[in-house]
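Q: below are the sequence and a predicted model for it; my questions follow.
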Amino acid sequence: GEQEYPNGNICCVNCKAGTFVKSPCTTAGQRGTCEECDYGTFTEHDNHLQKCVDCAKCGPDQEVAEQCTNTQNTKCRCKAGRFCNPEEACEVCRKCLTCKSDEEIVRNCTFSSNTVCKKIPLKPGSSIGNVLNDALAYREVRRFILQKYWESESRRICILFAGEQSLRSCFELFEELDVDFHKKFFRRLDFSDNAIKSKDNLLYEDKIHELLNSWVEREGKKANLNELLKVLVDLNQKRTAEKIMKKVLDNGQYCTESKDEV
């Protein structure tokens, strides 16, 4: 039968989806007075709520997939050029991957899956052996550098070009920061919860950039990439730190140095 709820010494029948209890029943087993939800509110199931629930608003990186009705909440999806995995809580829509110059698109980005890229096959007649040898040698050197960096606290990133400019150019790499860790990360950089929350109206990537810019302005010459990497490692985000370090070494703006050599 229909579900009921207690009202004093009697039980009343729940109101239908799309309505709420304006006033409870006075006779057992009756429905009482139910009123339809106003625009912008809803109830999805039979209920005994005293008011309807507010419809959700899509985030700045989302668009409305289905409008809210009096029986269904708003359904949101990522805007074009962004995606989120439907198997995860879609709190953040991430930027779609752009294939590199030596790659081709296998599958385009959709609102629920990232771009899939693959290496463009070498043209006939190219020196495959040399290319493979160079690639393997480079990978081994890079792996050695990364391993040495994390094995020894004396290893640090050194700057080859203008310090602040190089640092700011790295900000987009921190967009990979797990959404569940970004608050902890910025707290470690001495940001208050209010300062972090004040950027909630921005896209996730813009929020990361704004807070990191504020950190650079606050720290001045003391601001450096090593501090950011150290915070990641302290938060057990070593893999993210390694990915960022790998990319900054690859782009040629940074190298590794030992404190003993400085």
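A: Here it is on my side, so go on.
Q: can you give me the domain boundaries for the protein?
A: 1-76, 80-119, 153-261 (automatic domain parsing).
Q: for the stretch 1-150 of the chain, what spans make up the strands?
A: For the stretch 1-150 of the chain, the strands defined by DSSP state E, counting those that start in this stretch occupy 4-7, 10-13, 19-23, 33-36, 41-42, 53-54, 62-66, 75-78, 82-83, 94-95, 103-107, 116-119.
Q: any weak-confidence spans in the stretch 1-150 of the chain?
A: Along the stretch 1-150 of the chain, the model assigns pLDDT under 70 to residues 1, 89, 123-150.
Q: SS state for residue 241?
A: For residue 241, the secondary-structure state derived from DSSP: H, G, I helix; E, B strand; the rest coil is helix.
Q: quick one: secondary structure of the nearest residue to it once chain neighbours are set aside?
A: Nearest residue to residue 241, sequence neighbours excluded (C-beta to C-beta, 6 or more residues apart in numbering): residue 232, at 4.0 Å. The way it works is simple: take the backbone N, C-alpha and C, and place the C-beta from them, glycine included. Assigned with three-state DSSP, residue 232 falls in the helix class.
Q: start the count at 48, not 1, going forward
A: That works, and once the first residue is 48, the last one we named lands at residue 279.
Q: how many residues are close by residue 279?
A: Neighbours of residue 279 under the rule other C-beta atoms under 10 Å: 22.
Q: thought residue 75 was touching residue 58?
A: Yes: using C-beta atoms under 8 Å, residue 75 is in contact with residue 58, at 5.9 Å.
Q: of those two, who's got more company?
A: Using other C-beta under 10 Å as the criterion, residue 75 and residue 58 rank with residue 58 on top: 15 against 12.
Q: if I look at that one, how far off is residue 82?
A: Distance from residue 58 to residue 82, counting by C-beta to C-beta, to the nearest Å: 20 Å.
Q: now for the helix or strand that contains residue 296, which elements pack on it?
A: Residue 296 is part of helix 285-297, with elements assigned from DSSP states H and E. Applying 3 or more C-beta pairs under 8 Å, 6 or more residues apart in numbering; DSSP states H and E, one finds that helix 285-297 makes contact with helix 175-198, helix 272-281, strand 301-305.
Q: switch to 10 Å and redo it
A: Applying 3 or more C-beta pairs under 10 Å, 6 or more residues apart in numbering; DSSP states H and E, one finds that helix 285-297 makes contact with helix 175-198, strand 202-206, helix 210-216, helix 272-281, strand 301-305.
Q: I'd like the distance from it to the chain centre, please.
A: From the chain centre to the centre of helix 285-297 is a distance of 18 Å (C-alpha atoms, centre = their mean, to the nearest Å).
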